[in-house]
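Enquirer: Got a sequence here, can you build the structure:
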Amino acid sequence: MPFVRPYMRSDGRPVRGHTRWAPGARRELTIFAFAALVVLGHGGNADAGDTSGTRPRPQVSYPVRYDGAGEQGRAVPSPTVSYPIRFDTPTTRRAVPTPTLSYPVDFSRMGSGR
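Expert: So this is what the prediction gives:
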């Protein structure tokens with residue numbers, strides 16, 4: 001908002017210094033305030049008001065219990081599932097050189113006798 005300095009009108013009356021809204025600023029602020037009220041009125045967080053307990057709580061996908069204490073008094077985790085979880089073991093592959101050229105090179109035509 002620009003500030004207008006005190007001045008004298010053409011008829012001699014003094015005008016105090018004041019601020020003036022830019023053209024169209026009131027309309028823009030009104031639209032922004034209305035949009036903010038709609039968002040706040042709609043409820044930005046729908047879970048915040050649910051106190052009835054009807055919604056199920058999220059379940060942990062892989063629960064782990066800490067039974068007993070391991071070395072140095074720390075708890076040792078143990079899985080709560082009854083089936084074993086197998087992880088793929090990486091196999092070692094022989095390194096195969098990849099060509100750096102996109103076209104084949106025929107050394108017999110070069111005349112080097114290779």
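Enquirer: where exactly do the strands run in this protein?
Expert: Here the chain has its strands, by DSSP state E, at 3-4, 7-8, 14-15, 18-19, 64-67, 76-79.
Enquirer: In terms of mean pLDDT, which of these ranks lowest?
Expert: Of all those, mean pLDDT reaches its minimum on strand 64-67 (a mean of 61).
Enquirer: For this protein, which helix or strand comes out least confident on mean pLDDT?
Expert: Within the chain, no helix or strand scores below strand 64-67, which has a mean of 61 by mean pLDDT, DSSP states H and E.
Enquirer: Met8 is in contact with Pro14, correct?
Expert: Yes: counting by Cβ atoms under 8 Å, Met8 is a contact partner of Pro14 at 5.7 Å. C-beta here means a position set from N, CA and C on the backbone, and glycine is covered the same way.
Enquirer: low-scoring stretches of the chain, by residue?
Expert: For the chain, the stretches flagged by pLDDT under 70 are 1, 44-53, 57-80, 111-114.
Enquirer: Could you rerun that using 80?
Expert: Applying pLDDT under 80 to the chain flags residues 1-2, 43-91, 93, 95-114.
Enquirer: As a check, name the ranges of all helices in it.
Expert: Here the chain has its helices, by DSSP state H, at 25-42.
Enquirer: got a list of what Val15 touches?
Expert: Counting by Cβ atoms under 8 Å, 6 or more residues apart in numbering, Val15 touches 4, 6-9.
Enquirer: For Tyr103, state which of these is nearest.
Expert: Val4 (76.2 Å; Cβ to Cβ).
Enquirer: what's around the closest one, how many residues?
Expert: Neighbour count of Val4, defined by other Cβ atoms under 10 Å: 12.
Enquirer: and if you look at the one 4 residues further on?
Expert: Met8 has 9 neighbouring residues, counting by other Cβ under 10 Å.
Enquirer: Equivalent analysis for the one 10 residues further on, please.
Expert: Other residues within reach of His18 by the criterion other Cβ under 10 Å amount to 11.
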